[in-house]
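>>> this is the structure alone, sequence omitted:
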């Protein structure tokens, strides 16, 4: 079981299927510095800044001041497809101009670890950082990584975020694959966004803003036998499977993305009573439970 204290939360989410508005990032950094930062990275940076200010309790008037960075903070990003728009821009440049004339700038921004490296650079935080890219259980994988880093003493805090962006290619491929598999019902619309959390060791629960999170992984049979709180959240994509297991859950976001469990975890944390978020990972289920402070 992974146990973490939760100190801050920040989001950059869209309204339904709209594109996330990242213009508020200009409140934290000079627009000139941001001119080459891609949309995926801008979402991550904006949600990360908001999580840090939430943890520090600083307001709008403090945004232009130096970011309130904790001592010895690592950064972890989990994503389904990474900065997919820049990845395909690089591949398009190979198709259009050949490997010898492909865009070096597009290649640099297509590397999956570049967004978190950009965050570290802008935050002036030369500490450990990494990116996890997987389409199954990205929230669980990130929480496990954060827990390992804190238990090892590698860092004292972890700024962890889940990020996904919407692209036309992703929407087209999703529709095509669902039709190929025989799905006839209307698919859940594709969304995008970023959710960030500032974590510390579990022994810092008394000083944390949001109490404790506990992660455990269960099989379908174990989940059916588990005693879940009445406030249970899960991504919309998993509601049907949970209903088959006799479990009632709520999805606050009616859009789909690989990292859709991020907003649902925030919904669970914001409850004043014990609650949980369930993330399905193939035939396993990650149960992230909240232990309310006090």
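Arrived safely, thanks for sending. If you're wondering where the values come from, they're calculated on a predicted model, not measured in any experiment.

>>> give me the most central residue, this structure.
residue 162 (1.1 Å; C-alpha atoms, centre = their mean).

>>> what helix or strand is it located in?
strand 157-164 (DSSP states H and E).

>>> what residues are bridge-paired with the residue nearest to the centre of the chain?
residue 78, residue 195 (DSSP bridges).

>>> pLDDT value on it, please?
Per-residue pLDDT puts residue 162 at 97.

>>> quick one: residues contacting it.
If you count contacts by C-beta atoms under 8 Å, 6 or more residues apart in numbering, residue 162 has them with 77-79, 138-139, 142, 194-195, 259, 261-262. Heads up, the C-betas are built off the backbone N, CA and C, glycines and all.

>>> TSV for those, including neighbour count, distance to residue 158 and pLDDT?
What follows is these, written out as TSV (neighbours: other C-beta atoms under 10 Å; distance: C-beta to C-beta, whole Å; pLDDT from 0 to 100):
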residue	neighbour count	distance to residue 158	pLDDT
77	29	11	97
78	28	12	97
79	28	16	95
138	26	15	95
139	27	14	96
142	26	9	96
194	32	16	97
195	27	14	98
259	26	17	92
261	30	17	94
262	31	15	96
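
>>> where does the stretch 51-200 of the chain dip in pLDDT?
Scanning the stretch 51-200 of the chain for pLDDT under 70 picks out the ranges 59-65, 181, 183-185.

>>> can you show me the helices along it?
Using DSSP state H, counting those that start in this stretch, the helices assigned to the stretch 51-200 of the chain run over residues 84-97, 104-110, 114-122, 138-152, 168-180.

>>> dump those helices into CSV; add distance to residue 253 as well.
Listed next are the helices of the stretch 51-200 of the chain as CSV, based on distance: least, C-beta to C-beta, whole Å:
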stretch, distance to residue 253
helix 84-97, 19
helix 104-110, 27
helix 114-122, 22
helix 138-152, 13
helix 168-180, 16
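
>>> which one of the ones you listed lies closest to residue 41?
helix 114-122 (4.1 Å; C-beta to C-beta).

>>> got the buried residues for the closest one?
For helix 114-122, the neighbour count (16 or more other C-beta atoms under 10 Å) marks 114-116, 118-120, 122 as buried.

>>> go on, stretch 193-207?
So for stretch 193-207, counting by 16+ other C-beta under 10 Å, buried means 193-202, 204-205.

>>> what is the nearest of the residues you listed to residue 41?
residue 194 (9.7 Å).

>>> ok, the closest one - contacts?
11-13, 20, 43-44, 46-48, 161-164, 262.

>>> scan those residues and report the most crowded one.
Sorting the contacts of residue 194 by how many neighbours each has (other C-beta atoms under 10 Å) puts residue 163 first, at 33 neighbours.

>>> going by distance to residue 237, which of the buried residues of stretch 193-207 wins?
Nearest to residue 237 among those, with distances taken as C-beta to C-beta, is residue 193, at 14.8 Å.

>>> which residue is the nearest non-sequential neighbour of the closest one?
The shortest distance from residue 193 to any non-neighbouring residue, by C-beta to C-beta, 6 or more residues apart in numbering, is to residue 13 (4.0 Å).

>>> the one you found touches residue 263, doesn't it?
Yes. Assessed by C-beta atoms under 8 Å, residue 13 is found in contact with residue 263 at 6.3 Å.

>>> who touches both of those two?
193, 195, 253.

>>> look up the closest residue to the last one, ignoring the ones flanking it.
Across the structure, with C-beta to C-beta, 6+ apart as the measure, the residue nearest residue 253 apart from its sequence neighbours is residue 263 (4.9 Å).

>>> what helices or strands is the helix or strand that neighbour falls within leaning on?
Element membership for residue 263 (DSSP H and E) is helix 261-269. If you count contacts as 3 or more C-beta pairs under 8 Å, 6 or more residues apart in numbering; DSSP states H and E, helix 261-269 packs onto strand 2-13, helix 138-152, strand 157-164, strand 193-201, strand 231-233, strand 275-281, strand 284-291.

>>> could you rerun that using 7 Å?
Applying 3 or more C-beta pairs under 7 Å, 6 or more residues apart in numbering; DSSP states H and E, one finds that helix 261-269 makes contact with strand 2-13, helix 138-152, strand 193-201, strand 231-233, strand 275-281, strand 284-291.
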